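Visitor: After the sequence you'll find the predicted model.
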There are 2 protein chains.
Amino acid sequence: MKVAILGTGMVGRVIATKLRMLNHQVILGTRSVENTLNNEKKDAYGNVSFKEWHLQNSDIELKTFADAAYEAEILFNCTGGGVSLAALEAAGKSNLDGKVLIDLANPLDFSNGMPPTLNPVNTDSLGEQIQRKFPMLKVVKTLNTMNAGLMVDPGKLKGDHNVFICGNDEAAKATAREVLQSMGWKPNLIIDLGDITNARGTEMLLPIWLRLWNALETAEFNFHIQKN
Amino acid sequence: MKVAILGTGMVGRVIATKLRMLNHQVILGTRSVENTLNNEKKDAYGNVSFKEWHLQNSDIELKTFADAAYEAEILFNCTGGGVSLAALEAAGKSNLDGKVLIDLANPLDFSNGMPPTLNPVNTDSLGEQIQRKFPMLKVVKTLNTMNAGLMVDPGKLKGDHNVFICGNDEAAKATAREVLQSMGWKPNLIIDLGDITNARGTEMLLPIWLRLWNALETAEFNFHIQKN
């Protein structure tokens, strides 16, 4: 499959590397190819600069949001939640229409300090905003409730844990499920919540996720829905 | 211990029955003793009327919020989130000062239909509102992230699952922990998130809890934080 990953941060890189390993053709999308290629700064979490990362992953192409989206059969939104709508606008409606977008972003607002708050929240969600703005794009919200390392390697945790999925298009959700299973997610641990309005529920897990990260002193944990 | 439980709905009754079974003296607090005692209506979930329930639990006293709070050493807020502040005001500041309040309520707002939204949310929480309004009350937020049956009988689920706890007063949290343990919660499954602002995180679990209730077609599930 030809996959476009919008966003070149930690999450985008982890997803890109995994999909490349699974033999997909992977294109990373960015606002300015030149700026991203020349970026020699580590990120806020101390991850290597894009330039350094790309030297070791040179088989992953870097293109503009529009060029990446144009070529892709399926897209991943791995941009920051605050810039996701702008990134998708730059990708261009005509390059998105009819395609599946797997949305991993959370609308974290850092403007009031740490921990970040959510915007939108409660009566709306980023997943719904994207779906409303691009009605012909098939948005599937998933993977947004855990650390990037666990997204692509759920077996890192010994016990069972879940990934949530929601979206309006059943065929798109089936595609997302296949992608998840190829990454190691067991079918019975993928919980389908229903339509895209359920993104309100999964995005609103972030406030406790951030607090658990602090309380547990590790990001390597995930939610497991325990039932008999 | 002399325990006051504010609220005579499902959650209040379940907590009351359990604490009575554990040999505590339990007083239920309500706005109007007469109205509650004469209430012959089933609730929205089809639970028996208070009148009927009380016939079978006549050793649990029913008093006004103020009388119940006055006598109690420790209090449980089991009122609906939308009326919790009014109930505590009726209980009276002087009857609350210096005491521990275990707050189980969620600020669910049903005015926009189902599923309910949260109010306050994101930048504030009901736990914090209560703590701000009654600075001498020691608010501990806990048990608000699950079905009432599981609160008092965590062993109902075969696998591990967690209860969250937060509050500003360490001694009050220790008291709450003892209560939780007496109800069957293993110490290692009680996750202390820190101060009362963390109630934002646990209250914001409700939107996904409600959606999981729908998706799983049972309320008998709980969050387990999976980690190695």
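Guide: Yes, it's here.
Visitor: which residues of chain A fall in strands?
Guide: In chain A, the strands defined using DSSP state E lie at A:2-6, A:25-30, A:61-64, A:74-77, A:100-103, A:108-109, A:117-118, A:138-142, A:163-167, A:190-194, A:221-227.
Visitor: out of those, which comes closest to chain B?
Guide: Among those, the nearest to chain B by C-beta to the nearest C-beta is strand A:221-227 (3.8 Å). Backbone N, C-alpha and C define where each C-beta goes, glycine included.
Visitor: Which strands and helices lie in contact with that closest one?
Guide: Under the contact definition 3 or more C-beta pairs under 8 Å, 6 or more residues apart in numbering or on different chains; DSSP states H and E, strand A:221-227 sits against helix B:206-216, strand B:221-227.
Visitor: what angle sits between the first one and strand B:221-227?
Guide: When you say that, I think you mean helix B:206-216. 110 degrees (axes from the mean of the first three to the mean of the last three C-alpha atoms, to 10 degrees).
Visitor: Could you export the helices and strands packed on strand A:221-227 as TSV, including mean neighbour count and mean pLDDT?
Guide: Listed next are these as TSV, based on neighbours: other C-beta atoms under 10 Å in any protein chain shown; pLDDT from 0 to 100:
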stretch	mean neighbour count	mean pLDDT
helix B:206-216	20	98
strand B:221-227	21	98
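Visitor: is it possible to export these to a markdown table including distance to A:Gly29?
Guide: Output for the helices and strands packed on strand A:221-227, formatted as a markdown table (distance: least, C-beta to C-beta, whole Å):
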| stretch | distance to A:Gly29 |
| --- | --- |
| helix B:206-216 | 30 |
| strand B:221-227 | 32 |
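Visitor: Can you say which of the strands of chain A is packed in most?
Guide: strand A:138-142 (a mean of 29; mean count of other C-beta atoms under 10 Å in any protein chain shown).
Visitor: Please say whether there is contact between that strand and chain B.
Guide: No - using C-beta under 8 Å from any C-beta of the partner chain, we find that strand A:138-142 stays clear of chain B, coming within 11.9 Å at best.
Visitor: That strand pairs with which strands, parallel or anti?
Guide: strand A:100-103 (parallel), strand A:163-167 (antiparallel) (DSSP bridges).
Visitor: Adding distance to A:Val26, write those strands out as JSON lines.
Guide: Listed next are the strands paired with strand A:138-142 as JSON lines, based on distance: least, C-beta to C-beta, whole Å:
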{"stretch": "strand A:100-103", "distance to A:Val26": "13"}
{"stretch": "strand A:163-167", "distance to A:Val26": "21"}
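Visitor: quick one: which of the ones you listed is nearest B:Leu55?
Guide: Proximity to B:Leu55, assessed across those by C-beta to C-beta, is greatest for strand A:163-167 (43.4 Å).
Visitor: Between strand A:190-194 and the closest one, find me the angle.
Guide: Orientation of strand A:163-167 against strand A:190-194 (the same axes, to 10 degrees) gives an angle of 30 degrees.
Visitor: which residue ranges form the helices in chain A?
Guide: Per DSSP state H, chain A carries helices over the ranges A:10-21, A:33-37, A:50-56, A:65-71, A:84-91, A:93-96, A:126-133, A:148-151, A:170-182, A:199-203, A:206-216.
Visitor: Distance of A:Leu85 relative to B:Lys2?
Guide: Computed with C-beta to C-beta, to the nearest Å, the distance linking A:Leu85 and B:Lys2 is 55 Å.
Visitor: ok so, going back, quick one: which of the strands paired with strand A:138-142 is nearest B:Ala219?
Guide: B:Ala219 sits nearest to strand A:163-167 of all the strands paired with strand A:138-142, at 17.7 Å, using C-beta to C-beta.
Visitor: quick revisit: can you tell me which of the helices of chain A is most buried?
Guide: Note that of these, helix A:199-203 is the most buried (mean count of other C-beta under 10 Å), with a mean of 28.
Visitor: wait, does that helix contact chain B?
Guide: Yes - part of helix A:199-203 sits near chain B under the criterion C-beta under 8 Å from any C-beta, namely A:200-202.
Visitor: how about CSV for those, with pLDDT added?
Guide: Shown next, in CSV, are the residues of helix A:199-203 next to chain B (pLDDT from 0 to 100):
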residue, pLDDT
A:Arg200, 98
A:Gly201, 98
A:Thr202, 98
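Visitor: tell me the pLDDT at the residue of chain A most remote from its centre?
Guide: In chain A, the residue that sits farthest from the middle, by C-alpha atoms, centre = their mean, is A:Asn228; the gap is 30.5 Å. Looking at A:Asn228, its pLDDT is 96.
Visitor: List the contacts of it.
Guide: B:156-158, B:220 (C-beta atoms under 8 Å, 6 or more residues apart in numbering or on different chains).
Visitor: Pull the most distant pair out of these.
Guide: B:Lys158 and B:Glu220 (11.1 Å).
Visitor: So between those two, which is more surrounded?
Guide: Neighbours were counted for B:Lys158 and for B:Glu220 using other C-beta atoms under 10 Å in any protein chain shown; B:Glu220 has more, 15 against 9.
Visitor: So in terms of bridging, what pairs with the nearest residue to A:Ile102 once chain neighbours are set aside?
Guide: Excluding its sequence neighbours, the residue lying closest to A:Ile102 (C-beta to C-beta, 6 or more residues apart in numbering or on different chains) is A:Phe76, at 4.9 Å. A:Phe76 has the following beta-bridge partners by DSSP bridges: A:Ile5, A:Ile102.
Visitor: Confirm for me that A:Phe76 is in contact with A:Gly12.
Guide: Yes - if you go by C-beta atoms under 8 Å, A:Phe76 and A:Gly12 touch, sitting 7.4 Å apart.
Visitor: Now for those two: what residues contact both?
Guide: Residues touching both A:Phe76 and A:Gly12 by C-beta under 8 Å, 6+ apart: A:5-6.
Visitor: Tell me the spacing between the residue nearest the centre of chain A and chain B.
Guide: For chain A, the residue sitting closest to the mean C-alpha position, by C-alpha atoms, centre = their mean, is A:Leu104 at 2.5 Å. Counting by C-beta to the nearest C-beta, to the nearest Å, the gap from A:Leu104 to chain B is 17 Å.
Visitor: what sits against that residue?
Guide: By C-beta under 8 Å, 6+ apart, the contact set of A:Leu104 is A:11, A:15, A:76-78, A:142-144, A:151.
Visitor: Turn those residues into TSV, including distance to A:Glu128 and pLDDT.
Guide: TSV is the format used below for the contacts of A:Leu104 (distance: C-beta to C-beta, whole Å; pLDDT from 0 to 100):
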residue	distance to A:Glu128	pLDDT
A:Val11	20	97
A:Ile15	22	98
A:Phe76	18	98
A:Asn77	13	98
A:Cys78	19	98
A:Thr142	14	98
A:Leu143	17	98
A:Asn144	13	98
A:Met151	22	98
